[in-house]
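A.B. asks: Whatever this is, show me its structure:
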Amino acid sequence: MILFFWVIPINNLSRGDVVDIVTRVLRALSEAELGDTWPAEFYEDELKHIISDRGRKILKLAARMVNYAPIPRYLRTFSMMSRDKRWNWISGLNSEGMIYDLINVLEFLMFASYFVKPENYRKIGYDRAPLKPPRGEKVVCSISTSDYSMLRDRYDVIVVGSGAGGAVLAWRLVENGFSVALFEAGSSPREEDLLNMHPVIRALRYYWENGLTFTWGTPVISLPIGRVLGGTVTVNSGTLFRAPKEACSEWRDEVGISIPMDRLEDAYKVVEGKLGVRPVPEDLIGSNGEVMRRGAMELGLSHGSTPRPLGNCLGMGECAFGCPFGGKIDMRLSFLREAMDKGLHLFTKSYVDKILFRGRRAVGVSVDINGVRRRVSAHAVVLAAGALSTPKLLRASGVKNRHLGRHLHIHPAAGVTGIMDYEVLGWRGTMQSYYVDELLDEYRTLLLATFPPPGVGYSAGSIPPNEVMRYRYLASIGVQMSDTGEGEVKEKFNSIASYSIDPEDLEKIKVGIRLSSEILFAAGAVKVYPPLKKNMGVSSMGELNRLLDEAGPRRFKLSAYHPQATARMGGDGEIGVVDVGGEVYGYENLFVADASVIPTSTIVNPQLTINALALLIADNVMDVLGG
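C.D. replies: The predicted structure follows:
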């Protein structure tokens, strides 16, 4: 999504003049970079009420700092300078400095607001048209949830979080006759919103803090996570690979965890069957995927069609913002729907802030349900709030373990964009329809054909604003790297985790950028933009290599989407937070079933492995409860 940092705490900033200062600076920034007027009235009427209190404060702080930054040189605020002077000032900024990153914060909202307007996205040739026209049948892309009046005082099991782990575990439990309450902090997407709302607005609605979440370190890395029914699965790209056997071997060697491969394989098969996982068919690959395939074939690389949970896919290219047509089978349209039919009590807008204990036995939770505080009891509590929220909830509840919140892996990613010598219309097709795994064995780096809608996403790399006007000619490749470095979940300067890129990992990203660029050039690119701040693109591999050789970690624009391993499984409490069955060491009837429990990096996209592990943990919960 975006990349930024700041050093001034924002919790005490007032909201009074946020619109005035943000509007002034964004209007000035739009004139300088786009040569056009920013639609301030649209922000006021449509976007302002979507942005969270924390998001408003972030934007206000960024706008103030950017506005005042030119004063020492120009004796004028940014908004009072002429268009040419604004552009010259931006062009002269240190791309590794704080002000440059704060401009990136504001650019996120500037582009998002600008390209929501049909008259603006039509200027760049974007038509938001699917690859395949709808056939007229009724599309089901949302589900109903439980009425709050249905809440009981006691259940067999309480599950916190409705994403990849919580949904699958809850389904397994209710299938076997257990009474289950599932609490989800986010809301349920409405069908009319998915069908009619621009993906920019859906991104602002369905991500924590409107997508303004990041890691603190070198460099700062954008780390958007879902706050919506179905968790991040509702707003991910839907790429489903099984973890390679090497990952499972590392789990045994590094943390003493041995999961029987036959049980894991069986769990994979159950999930793949429920989600309809299959390689993207030829008629949905789309032009961006075809660019990758053309380049890979020209270079003789290992490549293929991405395995995905395909339903009524029309190739809309909006997978990461909630699919409008039910084309991506997420947790809502599979496990949660079936679990509701079997008696699951599923409550949205329900934020659990504490686990309740009797001694060291979990006996319930304290939860804010649509603004009303309740205490709900259960025989067991399962946390599936995600690798960033689960450690914080355990800590807030008094759980202590020296590994809790540590060992964070995120799979840092970068986008490489090519301007092709032919029209691509890259948004038409499944978002991540094609992959190149040539680097997976040696560098643990996967390349994916990824093309976001205008105004959102880092997968499109670092193209300057003027090149956005050539949108119909763009193709992009995402570089996703399995990291050996680790971070920690802790709040610092308003970030959600501490993480600095390991030098070895940065070299792996550079290898991925080089191969992505070769693929694009081989497929007909006339210019390639690597994911570096403040670059004018390259026309040859020689230019690219010189750029990458000179670039330090702060020059890179990185994002990440796969936080994991922050309450990892381990052979004992000295190595991990939970055992192989997901139960927290030193406590009774308290379990974790999300990406937190993954012992080390899954190497590839983790969703399918989270789903499979949740099934195995559900079986252990039933054994503990005597089911």
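A.B. asks: Leaving aside the residues adjacent along the chain, what's closest to Arg86?
C.D. replies: Residue nearest to Arg86 in three dimensions, not counting chain neighbours: Ala32, with 3.9 Å by Cβ to Cβ, 6 or more residues apart in numbering. Using the backbone N, CA and C atoms, a C-beta is placed for each residue, glycine as well.
A.B. asks: does the one you found really touch Asn88, like I thought?
C.D. replies: No. With contact defined as Cβ atoms under 8 Å, Ala32 does not count as touching Asn88 (9.2 Å).
A.B. asks: quick one, which of these two is more surrounded?
C.D. replies: For Ala32 versus Asn88, the count of surrounding residues by other Cβ atoms under 10 Å is larger for Ala32: 21 against 14.
A.B. asks: Does the helix or strand where that one lies pack against any helices or strands, and if so which?
C.D. replies: When elements are assigned from DSSP states H and E, Ala32 belongs to helix 18-33. Under the contact criterion of 3 or more Cβ pairs under 8 Å, 6 or more residues apart in numbering; DSSP states H and E, helix 18-33 touches helix 40-42, helix 53-68, helix 83-91, helix 98-116.
A.B. asks: Go ahead and name everything in contact with it.
C.D. replies: Here helix 18-33 makes contact (Cβ atoms under 8 Å, 6 or more residues apart in numbering) with 36-38, 40, 43-44, 48, 56-57, 59-60, 63-64, 66-67, 78-79, 81, 83, 86-87, 90, 103, 106-107, 109-110, 113-114, 464-465.
A.B. asks: Mean confidence (pLDDT) on it, please.
C.D. replies: Computed over helix 18-33, the mean pLDDT rounds to 84.
A.B. asks: quick check: angle from it to helix 83-91?
C.D. replies: Regarding helix 18-33 and helix 83-91, their directions subtend 90 degrees when assessed with axes from the mean of the first three to the mean of the last three Cα atoms, to 10 degrees.
A.B. asks: Taking the contacts of helix 18-33, please make a PyMOL selection of just the buried ones.
C.D. replies: For anyone working in PyMOL, the buried entries among these, judged by 16 or more other Cβ atoms under 10 Å, can be selected with:
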select buried, resi 38+40+43+56+57+59+60+63+64+66+67+78+79+81+86+90+103+106+107+109+110+113+114+465
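A.B. asks: Got phi/psi on Asn620?
C.D. replies: For Asn620, the backbone dihedrals (degrees, to the nearest 10) come out as phi -70, psi -40.
A.B. asks: And for the closest residue to it other than its chain neighbours, the neighbour number?
C.D. replies: Closest residue to Asn620 apart from its sequence neighbours, by Cβ to Cβ, 6+ apart: Gly581 at 3.2 Å. Gly581 has 17 neighbours, counted by other Cβ under 10 Å.
A.B. asks: Report whether Gly581 is found in a helix, as I expect.
C.D. replies: No. Going by DSSP: H, G, I helix; E, B strand; the rest coil, the assignment for Gly581 is coil, not a helix.
A.B. asks: Was I right to think it contacts Ile617?
C.D. replies: Yes. Counting by Cβ under 8 Å, Gly581 sits close enough to Ile617 to count as a contact (6.2 Å).
A.B. asks: Overlap in contacts, the two.
C.D. replies: With contacts taken as Cβ under 8 Å, 6+ apart, Gly581 and Ile617 have Phe591 as neighbours in common.
A.B. asks: To what extent is Pro118 buried, counted in neighbours?
C.D. replies: Using other Cβ under 10 Å, Pro118 has 12 other residues around it.
A.B. asks: and the residue lying closest to Phe111 once chain neighbours are set aside, what is it in contact with?
C.D. replies: With Cβ to Cβ, 6+ apart as the measure, Gly455 is the residue that lies nearest to Phe111, at 4.4 Å, once sequence neighbours are left out. By Cβ under 8 Å, 6+ apart, Gly455 lies in contact with Phe111, Ala112, Ser113, Tyr114, Phe115, Val116, Tyr121, Val200.
A.B. asks: which stretches of the stretch 201-350 of the chain form strands?
C.D. replies: Assigned strands in the stretch 201-350 of the chain, in chain order: 214-216, 221-222, 277-279, 303-305, 307-309, 345-347, 350-358 (criterion: DSSP state E, counting those that start in this stretch).
A.B. asks: what ranges of the stretch 501-627 of the chain fall below the confidence cut-off?
C.D. replies: The stretch 501-627 of the chain contains residues with pLDDT under 70 at 627.
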